[in-house]
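1. structural data only, the sequence is not supplied:
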DNA sequence: CGTTCAGTTGAAGGCATTCAACGTCGGTGG
DNA sequence: CCACCGACGTTGAATGCCTTCAACTGAACG
């Protein structure tokens, strides 16, 4: 019923329209959910981190692409026994429903970003989200080294921008002393307050993580 | 346990952050789900039509605004007995989970629109969605009169545009002979094929509704 | 040392926005 | 009845933000 699958960075996990007879949970690594138009324009609609879930009971098709951006390990379950397990375990069904609702809220938050935020605000929001997620993962590591899990192109596709704009906005945050990069991927937040301010969101009383 | 509530067009139903001790189903009318930034920029993240659902078990707060755009009737259920009912009725829980997943898919589709589509494609996609939904409602009414349920401003907020751009793009579709308006709100689609083409989506073999 | 790929930077251009004026419709009151 | 008003919508001109196009940098690799 249960088995593991491994993917190397850059490898596609599922293509839009594939049907797929198991469900899975991310054990390790980061993957992207993306949709593409016929002419190649791509929009990432979600990121999958550890313990995120792929596939849902009753949905055999998936209408977006899933792609590994780092090496990824999935824990897979055959569909029939898993659905049987859900039927007999209400708490599991509840948990899945909870996760779906969380994703829905995240998707709607991102709609606000895509529809109404400026490039600067998009980048700030993206970085701030990374801080929050990576902070949760490395529990209480006080201001750890942070890293961008995505290439500039993937960031662009996640934020509805171009690579060039992403690059310029990141440079701008460097110049303002808000971010500091040790290389292309690894950075530290020097001024969390300014970063939060730049997201365009409610200020929440200036609480610092 | 069950009661009805009525709202007139334009009336707010719920504000961002309100907590709300019942759940509801839309009986009649259209409502919008919206999120707003501090400076007033607004993004609609969903439309509620008949039989759509507001609120979820275990979520007492709602983090967006809900607003009636036409006169709206809600069928409301007190939270505690409703949650008890769900626990004892797996099929109802399944149905709610299904609806949440449908909304998630719709939200992601909309993310593609917001992040990657041009103004022209956004309008075309919006109109095409209206055709599909209103077609379902008035079962098999062959090419009925269609109507925009939203003002130009609401359309703009739904598509991540300004009113002026919405107006210009609609005019453009009129001039091309793809849409024909009898007044500001009511129209017919004169060339469905061209409309679908203009959405930027996959052509689906040119199937006409 | 040349190649390649990811990222950066510069300059030009375009699409949507912004600002502004006008048009239209429905309601209200003189 | 008609003038006035406000809300909604349209249209025009100018600006600007992001994109597009292009050249360059730097690191990894054979």
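-> In hand now; what should we look at? Not measured: the values here are computed from a predicted model. Residues are numbered from 1 along each chain as shown, chains lettered A, B, ... in the order given.

2. rest of the way, CA atoms for contacts and neighbours
-> Will do.

3. just confirm residue A:82 is within a strand.
-> No. The assignment for residue A:82, made by DSSP: H, G, I helix; E, B strand; the rest coil, is helix rather than a strand.

4. where's the nearest residue to residue A:76 once chain neighbours are set aside, which helix or strand?
-> With Cα to Cα, 6 or more residues apart in numbering or on different chains as the criterion, residue A:76 has its nearest non-adjacent residue at 4.1 Å, and that residue is residue A:24. Under the criterion of DSSP states H and E, residue A:24 resides in strand A:22-28.

5. quick one: that strand to chain centroid distance?
-> 15 Å (Cα atoms, centre = their mean, to the nearest Å).

6. please see if the next helix or strand after that strand touches DNA strand D.
-> Next helix or strand after strand A:22-28 toward the C-terminus (DSSP H and E): strand A:31-36. No. Strand A:31-36 does not reach DNA strand D (Cα under 7 Å from any atom of the strand); its nearest approach is 14.7 Å.

7. okay, now the sheet partners of the strand holding residue A:24, with direction.
-> Here strand A:22-28 is paired, per DSSP bridges, with strand A:53-54 (antiparallel), strand A:72-78 (antiparallel).

8. of those, which approaches DNA strand D most closely?
-> Of all the strands paired with strand A:22-28, the one in closest proximity to DNA strand D, counting by Cα to the nearest atom of the strand, is strand A:72-78 (19.0 Å).

9. and that closest one, what's buried?
-> Within strand A:72-78, the residues scored as buried using 16 or more other Cα atoms under 10 Å in any protein chain shown are A:72-77.

10. pull the distance from that strand to the chain's centre.
-> 18 Å.

11. angle of it against strand A:31-36?
-> Counting by axes from the mean of the first three to the mean of the last three Cα atoms, to 10 degrees, strand A:72-78 lies at 80 degrees to strand A:31-36.

12. hmm, who's touching strand A:72-78?
-> Strand A:72-78 is contacted from outside by A:1-9, A:21-31, using Cα atoms under 8 Å, 6 or more residues apart in numbering or on different chains.

13. do the same with stretch A:21-38
-> Stretch A:21-38 is contacted by residues A:16, A:42-56, A:60, A:63-79, A:149, B:109, B:112, B:200-202 when judged by Cα under 8 Å, 6+ apart.

14. could you tell me which of those count as buried?
-> Members of the contacts of stretch A:21-38 classed as buried by 16+ other Cα under 10 Å are A:42-50, A:52-56, A:60, A:63-70, A:72-77, A:79, A:149, B:109, B:112, B:200-201.

15. give the contact list for residue A:199.
-> A:120-125.

16. closest one of these to DNA strand C?
-> Looking across the contacts of residue A:199 and measuring by Cα to the nearest atom of the strand, the closest to DNA strand C is residue A:123, at 12.1 Å.

17. so how far is residue B:36 from the closest one?
-> Residue A:123 is 18 Å from residue B:36, where distance means Cα to Cα, to the nearest Å.

18. specify the beta-bridge partners of the residue nearest to residue A:76.
-> Bridge pairing for residue A:24 - DSSP bridges - gives residue A:54, residue A:76.

19. can you pull out the helices in chain A?
-> Taking DSSP state H as the criterion, chain A carries its helices at A:79-88, A:90-116, A:119-137, A:152-159, A:163-175, A:192-198.

20. quick one: closest of these to residue B:156.
-> For the helices of chain A, proximity to residue B:156 was assessed by Cα to Cα; helix A:90-116 is nearest, at 9.9 Å.

21. wait, does that closest one contact chain B?
-> Yes. Residues of helix A:90-116 contacting chain B under Cα under 8 Å from any Cα of the partner chain: A:97, A:100-101, A:103-104, A:107-112, A:114-116.

22. the inter-axis angle of that helix versus helix A:119-137?
-> 160 degrees.

23. helices or strands up against helix A:90-116?
-> helix A:79-88, strand B:31-36, strand B:42-48, helix B:90-116 (3 or more Cα pairs under 8 Å, 6 or more residues apart in numbering or on different chains; DSSP states H and E).

24. please convert the ones you listed to a markdown table, extending it with distance to residue B:187 and mean pLDDT.
-> Listed next are these as a markdown table, based on distance: least, Cα to Cα, whole Å; pLDDT from 0 to 100:
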| stretch | distance to residue B:187 | mean pLDDT |
| --- | --- | --- |
| helix A:79-88 | 46 | 94 |
| strand B:31-36 | 21 | 97 |
| strand B:42-48 | 20 | 97 |
| helix B:90-116 | 23 | 96 |
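
25. touching, residue A:101 and residue B:98? I think so.
-> No. Counting by Cα atoms under 8 Å, residue A:101 stays clear of residue B:98, with 11.1 Å between them.

26. and residue A:108, how many neighbours?
-> Neighbourhood size, residue A:108 [other Cα atoms under 10 Å in any protein chain shown]: 26.

27. show me what contacts the nearest residue to it once chain neighbours are set aside?
-> With sequence-adjacent residues excluded and distances taken as Cα to Cα, 6+ apart, residue A:108 is closest to residue B:45, at 5.8 Å. By Cα under 8 Å, 6+ apart, the contact list for residue B:45 reads A:108, A:111-112, B:32-35, B:107, B:158.

28. which of the residues you listed are buried? Put it as a PyMOL command.
-> PyMOL command restricting the contacts of residue B:45 to the buried ones, with burial defined by 16+ other Cα under 10 Å:
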select buried, (chain A and resi 108+111+112) or (chain B and resi 32+33+34+35+107+158)
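
29. closest one of the contacts of residue B:45 to DNA strand C?
-> The closest of those, once distances to DNA strand C are taken by Cα to the nearest atom of the strand, is residue B:158, at 10.8 Å.

30. picking up where we left off before, report the buried members of the contacts of strand A:72-78.
-> Looks like the contacts of strand A:72-78 have A:6-7, A:22-31 buried, using 16+ other Cα under 10 Å.

31. for residue A:188, see how far away residue A:144 is.
-> Distance of residue A:144 to residue A:188, computed by Cα to Cα: 8 Å.

32. now do residue A:39
-> From residue A:39 over to residue A:188 (counting by Cα to Cα), the distance is 37 Å.

33. the more surrounded of these two?
-> Shown here are residue A:39 and residue A:188; by other Cα under 10 Å, residue A:188 has more neighbours (17 against 9).
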